[in-house]
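Student: I would like the atomic coordinates for the input below:
(one chain, ligands or ions: 1)
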Amino acid sequence: MGRTSRKRHQKKKLNIKEITENEEHSLMYLKSWLLTKNCSSVYNLTPFNFFTTGRGLKTLKDIKINDILIKLPYEILITTSILSQSNVSILFSKIQYYSAQCVLAVFIIYESHLGNASKWHYYINSLPRNLTNPDFCTQKEKNLLPKFIIDYMDEFHKVCNDFRLLIKSMNNLKLNGEGHCSHCNLHLKKIITFEKYKWAYYIVNTRAIYIDEAEIETNQNINIKYPNNLALAPFLDLFNHSIYSTTHASVVTNKNGNKFYQINTLNSFNSESQVFINYGAHNSLKLYIHYGFFIPYNPLDEIYFDISDIKVCFDIPKFKLDFIISNNLQKNMAFIRDGLNYNAICTLFIMNTQLQRDHWNIKIYGNSLTSEDKIGIYNMAKLILNFKKNELLNHLINMKELKYCTQCFSIAINLIEEYITILNESYNSLCMFH
Ligand SMILES: [Zn+2]
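Tutor: As a prediction, the model looks like this:
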C-alpha cells in the first residue's frame, strides 16, 4: 500500500481514485467477459474517469425510472458455495466456524495467485490493488488520526482474529505434509500472507452485496457463521455511491429457469452521464471507514460533541447533569449545518435555564423554547463549537506536517477539512439568530 501523494497538491480537489490505463484495459476485458456470460445489461455501461468522483460508470444511453441498471446471472456471483470447487477449501477446518468475509477473502487471494489460470481472472484483475480505508494508513499516520476516526475502526481486530485461525489451520496442514498448491506446489502459508488477507478482507467488505441466505448453496464441508449472505458481484462494484440515488434489488428467474440478480433504478440518467447506486444512508465518517472515500455536502453529517467537551467550556451543576443523563439527552449531541441537533438543544437549554426543574420537561418536550432561550443556547453552543473547531485545526496541523503520506491519510485530512467546513456553516447558522 505504498501510494504516496504530495500533501500540498490537494488544495480543494479531493483525493479521488482515477482509472489508470492498466485498469481501463482490465475493466474492458471484464466487460467483454461478462457479455460472453449472458450479461447483456453491461453493454451500455462503460468505466470512465469523472472529474468529481474519479472512476465510475457512464451510461451510453438514456436510463429511465424503473429501468434495469444491471442484471447479473447468478453463476457469476461469488458466494461461499464457490469453495466447493476450490483447492483452497482444504484450509477450512471442520471444527471451526468462519465468517463469509473470511471465506471469500481466502478465495480471492487464492484465485489472484493463480493469475490467468483462474477462471475468475477477468474479475480479479479488475479489483483495485490499493485501498483507501483508514486501516491502510501507515502506523505513523494512524498515530496522527483523531480519536473519532480511530474509535470507529472496528474491522482491524476481525482481520487479525480471522488470520490467526487461518495460520493455525495452515500450520496443521504443514505438519501433516498437506496444503501445497496443486498449481505451483507452493505451500498455502506462502500464498496467504497477512498483508494479502487484509487487502482481500477489505475487498470483500467494501464490494460485497447482500443476498438471501436461502439462495446460497450450503457447503457441508465448511462451517460458516451466520449470516452467510455475502456475494461478490463483478462489474456491479464499479457503480459509485450517491445519497440521492434509489435502487431496488431483486432476484429474477427467466423462462429457462436461470436466476439473475437485478438492480432497477428509481432515478433517471441521461446518456453520457454517470450512473449511481446507493450504498446506504451513511455519513462521511462511515463511508471513509467502510468504503475508503466520502463525498462533500453529505446531509447526514453531524459533528458530535459530548459532556466532556461541554465541561471544558462550562461547569455543569450536578442536578442538571443528572437530569440530562437520566433523559439520555447527552447522547449524540451534534453540530449540524443548520445549527444544533435536538439533543444538543435540549442539553444546552437545561444548562442555561434559570427555571425550576418541574418546568424543564414541558420546555424541551413541548417545543416551547422562547427566543431568549434560543439566544442563550446558541451563545453556549458557539463556545463549544470553537473548542471543537480548534481541536480539529490542531489535528490538521499535525497531520499536514507529514511530508509524504498515503492516499488513505490524505482522505482523512479531507474529511477533517470537511468537518471544519460544517462547523463554520453551523456557526453561521447560530449567528443568524438574534
Ligand atoms: Zn499455486
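
Student: Quick check: what element follows the least confident helix or strand in the chain by mean pLDDT along the chain?
Tutor: Least confident helix or strand, the chain: strand 4-6 with a mean of 34, by mean pLDDT, DSSP states H and E. Following strand 4-6 in sequence order, the next helix or strand is helix 21-36 (DSSP states H and E).

Student: Now that next one - C-alpha only, PDB.
Tutor: Only the C-alpha atoms of helix 21-36 are listed here, as PDB (Å, rounded to 0.1, in the frame of the first residue of the first chain):
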ATOM      1  CA  GLU A  21      -4.500   2.800 -18.300                       C
ATOM      2  CA  ASN A  22      -3.900  -0.700 -17.000                       C
ATOM      3  CA  GLU A  23      -7.100  -0.700 -15.000                       C
ATOM      4  CA  GLU A  24      -9.000   0.600 -18.000                       C
ATOM      5  CA  HIS A  25      -7.800  -2.400 -20.000                       C
ATOM      6  CA  SER A  26      -8.800  -4.900 -17.300                       C
ATOM      7  CA  LEU A  27     -12.200  -3.300 -17.000                       C
ATOM      8  CA  MET A  28     -12.800  -3.600 -20.700                       C
ATOM      9  CA  TYR A  29     -11.800  -7.200 -20.500                       C
ATOM     10  CA  LEU A  30     -14.100  -7.700 -17.600                       C
ATOM     11  CA  LYS A  31     -17.000  -6.200 -19.600                       C
ATOM     12  CA  SER A  32     -16.200  -8.400 -22.700                       C
ATOM     13  CA  TRP A  33     -16.100 -11.400 -20.500                       C
ATOM     14  CA  LEU A  34     -19.500 -10.600 -18.900                       C
ATOM     15  CA  LEU A  35     -21.000 -10.100 -22.400                       C
ATOM     16  CA  THR A  36     -20.000 -13.700 -23.200                       C
END
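
Student: which residues in the stretch 1-150 of the chain form helices?
Tutor: 21-36, 100-114, 121-126, 139-142, 147-150 (DSSP state H, counting those that start in this stretch).

Student: quick one: low-confidence parts of the stretch 1-150 of the chain?
Tutor: Along the stretch 1-150 of the chain, the parts satisfying pLDDT under 70 run over 1-17.

Student: which parts of it sit against the ion?
Tutor: Within the stretch 1-150 of the chain, no position is adjacent to the ion by CB under 5 Å from the ion. Heads up, the C-betas are built off the backbone N, CA and C, glycines and all.

Student: Next one: whichever residue of the stretch 1-150 of the chain sits closest to the ion relative to Lys198, how far apart?
Tutor: The nearest approach of the stretch 1-150 of the chain to the ion comes at His113, 5.7 Å away (CB to the ion). Using CB to CB, to the nearest Å, one gets 16 Å for the distance from His113 to Lys198.

Student: list the contacts for Ile263?
Tutor: Contact partners of Ile263, counting by CB atoms under 8 Å, 6 or more residues apart in numbering, are 68-71, 236, 247-249, 277.

Student: Of all the residues in the strand or helix carrying it, which ones are buried?
Tutor: With elements taken from DSSP H and E, the one containing Ile263 is strand 259-265. Neighbour counts over strand 259-265 (16 or more other CB atoms under 10 Å) mark 260-265 as buried.

Student: I'd like a version of the residues you listed in a markdown table, one that adds pLDDT as further columns.
Tutor: Below are the buried residues of strand 259-265 laid out as a markdown table (pLDDT from 0 to 100):
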| residue | pLDDT |
| --- | --- |
| Phe260 | 93 |
| Tyr261 | 94 |
| Gln262 | 95 |
| Ile263 | 95 |
| Asn264 | 96 |
| Thr265 | 96 |
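
Student: which of those residues lies closest to the ion?
Tutor: Among the buried residues of strand 259-265, and counting by CB to the ion, the member closest to the ion is Tyr261, at 30.4 Å.

Student: Contacts only, for the residue nearest to Lys64 when sequence neighbours are not counted.
Tutor: With sequence-adjacent residues excluded and distances taken as CB to CB, 6 or more residues apart in numbering, Lys64 is closest to Ser268, at 5.3 Å. Ser268 sits next to 62-65 when contact means CB under 8 Å, 6+ apart.

Student: Mind putting those residues into TSV with distance to Thr353?
Tutor: Shown next, in TSV, are the contacts of Ser268 (distance: CB to CB, whole Å):
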residue	distance to Thr353
Asp62	57
Ile63	54
Lys64	55
Ile65	50
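
Student: between those, which is nearest Cys184?
Tutor: Closest to Cys184 out of the contacts of Ser268 is Ile63 (44.4 Å), distances taken as CB to CB.

Student: I am finished for the moment; much appreciated.
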